[in-house]
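> For reference, the sequence and a predicted model appear below.
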Amino acid sequence: MNITGSPIPNYFQMKDSAADLPSQQAAASTKSVSTLNESMDNQKTQVSYQAHTAGQKQQDEGSVRTKRGIKFPKRPTLPSPKKSKLPPSNGTPGKYIQTAGLGHSRPAGPPNSPGVTKFRDMVFKTQHPGSSVTGPAKPAVAKPKTFGDVAANLVVADRLVKAGVFKTDTSLKTVTRDAFVNASVNGLVSAPLNIGTYAGSVWAGETIKGSFTANTPVLPPIHQPALSQATNTAAAVSSPGGQDDAVIKLRLENAELKTLYAVNTIQTMVEGGDGKALEKSSTWPTGTNERLDVMEKLYDAAENNMVKVSEKNDFIYRPYKDDSAVVSKDATVRLDTLDKRYEHLNSSGIGRLIAVREVENAKKTQTA
């Protein structure tokens with residue numbers, strides 16, 4: 001079979017039917033040959049049509065960009081995505097409503113003992129007048145800069161005792177108390193009030209007298225009183241000598257107040273705010289050198305007690321030590337040394353231990 005249309009050779013040889021076959025056989029043979037020729041013609045026509053169709057399809061698909069004689073297939077066309085329509089909102093425009101009051105506030109936490117709770121509220125109100133009091137105070141993580149920070153450490157120490165972080169069922173509370181009382185003959189005695197109530201009475205009394213406020217610096221300038229004390233000092237300043245005496249007097253009161261809070265905060269850590277407070281005895285000295293003598297002995301006891309409390313709570317505390325310091329009887333030099341010892345005791349001892357235990361207790365509370 002030739003697709004190009006050339007004649008198709010007939011390989012069948014037809015014999016004369018009149019000579020060898022009857023007339024019916026000849027007619028049947030002639031009909032069979034005609035049918036065969038007709039079938040071959042149909043096949044030829046069908047093949048020609050298929051070839052024409054295939055060529056037309058290749059021509060359509062090949063009508064795309066050609067680069068250097070290479071034909072690339074057509075890039076398929078993707079249907080564009082339909083944009084989703086959001087259902088219409090059936091709500092009404094909202095309105096912001098302030099639910100929390102403005103100003104300073106603190107998160108809720110474990111409760112303090114009743115006396116310390118009143119003390120905490122008193123301190124917070126002097127720090128943030130007009131603000132609501134909710135939750136515990138935050139400890140002074142590093143160096144307490146104001147008396148508000150000093151008071152906060154006492155409040156948090158009591159709360160950690162209530163939370164079971166600092167244990168009070170040991171003999172350590174008796175050891176520390178005896179060390180403070182026996183540090184000096186005319187030093188400290190156990191007060192009839194608990195630590196929280198006593199701290200509050202001292203706070204209120206000193207605030208009323210104007211000796212300090214919550215924002216009074218813990219370490220006032222050496223040659224001038226704290227800002228809150230400047231008014232009370234102005235009347236006493238009449239000469240350079242009088243100014244020095246007035247400043248030393250204020251610094252002595254400041255140092256004694258810090259000593260009382262440091263001692264009672266350490267005692268709170270081992271006994272809680274319900275324990276008996278430590279206060280100045282009725283025979284507390286009035287002379288400058290004698291007052292300095294008592295405070296230096298109390299700091300010796302406080303540093304030793306802080307070492308014991310730290311060991312009990314898997315903590316390391318090293319007392320303040322300055323080898324370059326020269327032993328002097330000058331009141332200003334001795335007050336400077338007391339200020340450094342207090343700062344170290346609060347930042348590296350009391351404040352740091354309380355802050356670390358506060359963070360650990362918060363994590364335990366969250367995972368519980």
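Here it is on my side, so go on.
> Give the buried residues for the host helix or strand of Ile248.
Using DSSP states H and E, Ile248 sits in helix 240-271. Within helix 240-271, the residues that qualify as buried are 243, 246-247, 250-271, counting by 16 or more other Cβ atoms under 10 Å. Using the backbone N, CA and C atoms, a C-beta is placed for each residue, glycine as well.
> Which secondary structure elements does whatever helix or strand comes next after that helix sit against?
Per DSSP H and E, the first helix or strand lying C-terminal to helix 240-271 is strand 276-280. Contact analysis of strand 276-280 by 3 or more Cβ pairs under 8 Å, 6 or more residues apart in numbering; DSSP states H and E lists helix 172-181, strand 188-194, helix 195-209, helix 240-271 as its packing neighbours.
> Could you give the average pLDDT over strand 276-280?
The predicted model gives strand 276-280 an average pLDDT of 95.
> same deal with stretch 287-300?
On average, the pLDDT along stretch 287-300 is 95.
> Could you pull out the buried residues of that stretch?
Applying 16+ other Cβ under 10 Å to stretch 287-300 flags 288, 291-299 as buried.
> can you check stretch 352-367 too?
Buried, per 16+ other Cβ under 10 Å, within stretch 352-367: 352-355, 357-358, 361.
> Kindly report the same for stretch 301-313.
Buried, per 16+ other Cβ under 10 Å, within stretch 301-313: 301-303, 305-310, 313.
> again with stretch 267-286
267-280, 284-285.
> Just name the closest of those to Thr332, please.
Set against Thr332, the nearest of these by Cβ to Cβ is Pro285 (18.6 Å).
> so the closest one sits right up against Arg291, yeah?
Yes - between Pro285 and Arg291 there is a contact at 5.4 Å, judged by Cβ atoms under 8 Å.
> what's the neighbour count on Thr174?
Number of residues near Thr174 (other Cβ atoms under 10 Å) recorded here: 11.
> ok, it to Asp314 distance?
The gap separating Thr174 from Asp314 is 21 Å, by Cβ to Cβ, to the nearest Å.
> likewise Leu160?
14 Å.
> More neighbours: which of those two?
Neighbours per residue, other Cβ under 10 Å: of Leu160 and Asp314, the larger number sits with Leu160, 24 against 6.
> what pLDDT does the more buried one get?
pLDDT, read off for Leu160, is 90.
> Okay, and it sits in which element?
Going by DSSP H and E, Leu160 is part of helix 147-162.
> just checking, what packs against that helix?
Helix 147-162 packs on helix 114-127, helix 195-209, helix 240-271, helix 351-367, going by 3+ Cβ pairs under 8 Å, 6+ apart.
> Ser201 contacts Asn194, doesn't it?
No - using Cβ under 8 Å, Ser201 is not in contact with Asn194, being 10.8 Å away.
> These two: which is more packed in?
Neighbours per residue (other Cβ under 10 Å) separate Ser201 from Asn194, with Asn194 holding more: 22 against 17.
> which residues does the more buried one contact?
Applying Cβ atoms under 8 Å, 6 or more residues apart in numbering, we find Asn194 in contact with 113, 115, 273-277.
> do that again at 6 Å, thanks
Applying Cβ atoms under 6 Å, 6 or more residues apart in numbering to Asn194 gives the contacts 115, 274.
> Pairing partners for it in the sheet, please.
Taking DSSP bridges as the rule, Asn194 bridges to Lys276.
> how much space between it and Ser171?
20 Å.
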